[in-house]
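Participant: here is my input, please return the structure:
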Amino acid sequence: MNKELKKELEILAAQIRIGVIESTYNAKAGHPGGSLSIADVLAYFYGKEMKYDPKDPKNTDRDRLVLSKGHAAPALYSALAYSGFFPVEDLKTLRHIGSYLQGHPNMNTVPGVDMSTGSLGQGISAACGMAKGAKYLGRNDIRVYAVLGDGEIEEGQVWEAFMFAAQYKLDNLCVIIDSNGLQIDGACDEVMSAEPIDEKMKAFGFNCEVIDGNNLDEIEAAFEEFHRSDKPFAIIMETVKGKGVSYMENQVGWHGKAPNAEEYETAMAELNAALAELKEA
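Facilitator: Okay, the predicted model is just below:
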């Protein structure tokens with residue numbers, strides 16, 4: 001990608017991270033760690049990869065994105081807000097009584113959300129159905145993306161869905177696995193290791209790339225491979241949980257905990273400084 005686009009995407013990723021902290025702090029609840037780790041790929045989705053119209057979020061020609069790891073809703077909401085689907089200021093209402101921004105994505109209330117998720121393992125099944133539906137209708141131009149967590153893929157339903165994708169040759173489906181190494185109960189390799197994820201994906205009929213999921217150049221290269229793939233495609237993103245906030249990085253305790261006032265100030269200072277540096281570069 002050219003320098004101008006890369007800078008735009010870096011700025012969007014920084015804004016998404018700010019939105020994650022802003023929303024979880026004001027909610028006094030939420031999942032910042034796994035939201036921060038996927039900010040870069042969400043910036044790429046909404047800044048370059050996906051076909052969508054924030055003024056017409058139900059347009060039938062759009063690409064679909066299913067956040068199968070639904071607890072990372074703060075990141076998705078932030079990406080949608082900064083992409084024009086609804087006001088950024090509304091992020092502060094996350095999980096508040098009466099707010100349309102619930103703790104997990106709700107396609108009935110949030111513009112731009114393509115599938116209600118939260119029960120881990122179910123989002124990828126819905127994504128497979130969307131991809132199969134597009135194929136059935138002859139709409140090979142519609143792509144479907146599903147973001148899963150590395151803890152989530154311990155669910156058996158996930159692998160049933162992967163078998164379905166291979167059986168029906170869903171080359172319009174891209175599975176993104178956020179491999180940050182941590183889940184709510186600890187390190188994934190200690191709780192229930194799914195490794196080697198890439199070899200398993202290939203065995204289940206996918207083409208597969210392993211990348212640094214916090215590196216936009218590697219993200220772009222992986223999606224270019226997806227566009228050339230004749231099979232369902234998997235991107236295993238090795239990421240840092242809590243990316244961008246120093247005291248949250250690689251700390252399992254930040255899987256599902258909101259920052260307090262002091263922690264909020266520290267996080268916002270770091271993220272706003274990073275954003276300012278990007279804008280000045």
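
Participant: can you pull the contacts of Asp53?
Facilitator: Asn59, Arg62 (C-beta atoms under 8 Å, 6 or more residues apart in numbering). No exception for glycine: its C-beta is placed from N, CA and C like everyone else's.

Participant: so it sits in a strand?
Facilitator: No - using DSSP: H, G, I helix; E, B strand; the rest coil, the assignment for Asp53 is coil, not a strand.

Participant: how close does it get to Asp212?
Facilitator: Asp53 is 31 Å from Asp212, where distance means C-beta to C-beta, to the nearest Å.

Participant: list the helices and strands the biggest helix by length in the chain packs on?
Facilitator: If you go by DSSP state H, the chain has its longest helix at helix 3-27. With contacts defined as 3 or more C-beta pairs under 8 Å, 6 or more residues apart in numbering; DSSP states H and E, helix 3-27 has these neighbours: helix 32-36, helix 39-44, helix 73-82, helix 216-228, helix 261-280.

Participant: so Met115 lies in a helix, does it not?
Facilitator: No - Met115: not assigned to a helix; according to three-state DSSP it is coil.

Participant: for it, report the pLDDT, please.
Facilitator: In the prediction, the pLDDT value recorded for Met115 is 98.

Participant: wait, it sits on Met107?
Facilitator: Yes - counting by C-beta atoms under 8 Å, Met107 is a contact partner of Met115 at 5.7 Å.

Participant: so these two - more neighbours on which side?
Facilitator: Taking neighbours as other C-beta atoms under 10 Å, Met115 and Met107 compare with Met115 leading, 23 against 16.

Participant: how close does that one get to Leu137?
Facilitator: 18 Å.

Participant: put together a markdown table for the helices and strands packed on helix 3-27, with distance to Tyr247 on each row.
Facilitator: Output for these, formatted as a markdown table (distance: least, C-beta to C-beta, whole Å):
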| stretch | distance to Tyr247 |
| --- | --- |
| helix 32-36 | 11 |
| helix 39-44 | 17 |
| helix 73-82 | 17 |
| helix 216-228 | 24 |
| helix 261-280 | 7 |
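
Participant: out of those, deepest packed?
Facilitator: Stretch with highest mean neighbour count among the helices and strands packed on helix 3-27: helix 32-36 (a mean of 31; mean count of other C-beta atoms under 10 Å).

Participant: list the contacts of that helix.
Facilitator: 17, 20-21, 24, 69, 71-75, 78, 149, 178, 180, 182, 241-245, 248, 251-252, 254-259.

Participant: which of the residues you listed count as buried?
Facilitator: Among those, the ones that count as buried by 16 or more other C-beta atoms under 10 Å are 17, 20-21, 24, 69, 71-75, 78, 149, 178, 180, 182, 241-245, 248, 252, 254-255, 257-259.

Participant: name the nearest residue to Met163, sequence neighbours excluded.
Facilitator: Phe204 (6.2 Å; C-beta to C-beta, 6 or more residues apart in numbering).

Participant: next one: Val110
Facilitator: In space, and not counting its chain neighbours, Val110 is closest to Tyr100: 6.0 Å by C-beta to C-beta, 6+ apart.

Participant: hmm, that neighbour is touching Met107, no?
Facilitator: No - the pair Tyr100 / Met107 is not scored as a contact, 11.3 Å apart, by C-beta under 8 Å.

Participant: please tell me how far the residue lying closest to Met1 once chain neighbours are set aside sits from Asn172.
Facilitator: In space, and not counting its chain neighbours, Met1 is closest to Glu220: 5.6 Å by C-beta to C-beta, 6+ apart. Separation of Glu220 from Asn172 (C-beta to C-beta): 19 Å.

Participant: what's the distance between Val252 and Ser23?
Facilitator: Look at Val252 and Ser23: by C-beta to C-beta, they are 21 Å apart.

Participant: need the helices and strands packed on helix 3-27 in CSV with mean pLDDT, can you?
Facilitator: As requested, the helices and strands packed on helix 3-27 are exported to CSV (pLDDT from 0 to 100):
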stretch, mean pLDDT
helix 32-36, 98
helix 39-44, 98
helix 73-82, 98
helix 216-228, 98
helix 261-280, 97
